[in-house]
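In: next come a sequence and a model predicted from it.
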Amino acid sequence: MRWLPFVFAAGAVFWLIELTQFAAIVAAPAGRDQLRQALVTAGVSQNVWTVVIVESVIVAAFELSAAALHAAAYFGLRRLRSWGWVAGVIVAAGWSLILVGIGLAVVAHVKRSSGLIAVLGWFVLILLVRVGYAAIAG
């Protein structure tokens, strides 16, 4: 258990490195053009630059929130705070859903995004059913 906070610290560093790499791609004109070309190839024909900006903001927000959750888990677990454990469970649940989604995609021979959507969809459905049941049982 003494090494557990350092796993979350490594996760925070990983997401900060990912954010730095993505920021470098977005900052460089060649990187922005590469993102635009990927969207055009995918079939986006109108407002391509708007889609690039929206996609960039979403990716940056995701990477910042992942780094913040990992950092919260690290500092919370180091001081043995309850919110540290909550952040750790949220991070572990997120990684578990991602890994199960990738595994489902590999086994079912579908795109990785389809496997992730299926797993996250079932997770949300089960979560909503449990919340609804708790609200009714009151």
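Out: Looks like it came in fine.

In: break the chain into its domains for me.
Out: 1-80, 82-138 (automatic domain parsing).

In: mean pLDDT added to those domains, as TSV?
Out: Output for the domains of the chain, formatted as TSV (pLDDT from 0 to 100):
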stretch	mean pLDDT
domain 1-80	88
domain 82-138	88
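
In: any chance of JSON lines for the ones you listed, columns mean neighbour count?
Out: Backbone N, C-alpha and C define where each C-beta goes, glycine included. Formatted as JSON lines, the domains of the chain follow (neighbours: other Cβ atoms under 10 Å):
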{"stretch": "domain 1-80", "mean neighbour count": "14"}
{"stretch": "domain 82-138", "mean neighbour count": "13"}
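
In: just give me the residue right at the centre of the chain.
Out: residue 62 (5.6 Å; Cα atoms, centre = their mean).

In: element containing that one?
Out: helix 48-78 (DSSP states H and E).

In: check the offset of that helix from the chain's centre.
Out: 8 Å (Cα atoms, centre = their mean, to the nearest Å).

In: and stretch 123-138, by the same measure?
Out: 23 Å.

In: hmm, who's touching it?
Out: With contact meaning Cβ atoms under 8 Å, 6 or more residues apart in numbering, stretch 123-138 is reached by residue 97.

In: change the start of the numbering to 70 and stick with it
Out: Will do, 70 is the new start, and the previous item becomes stretch 192-207.

In: what's the separation between the residue nearest to the centre of the chain and residue 137?
Out: 11 Å (Cβ to Cβ, to the nearest Å).

In: ok, now residue 185?
Out: 21 Å.
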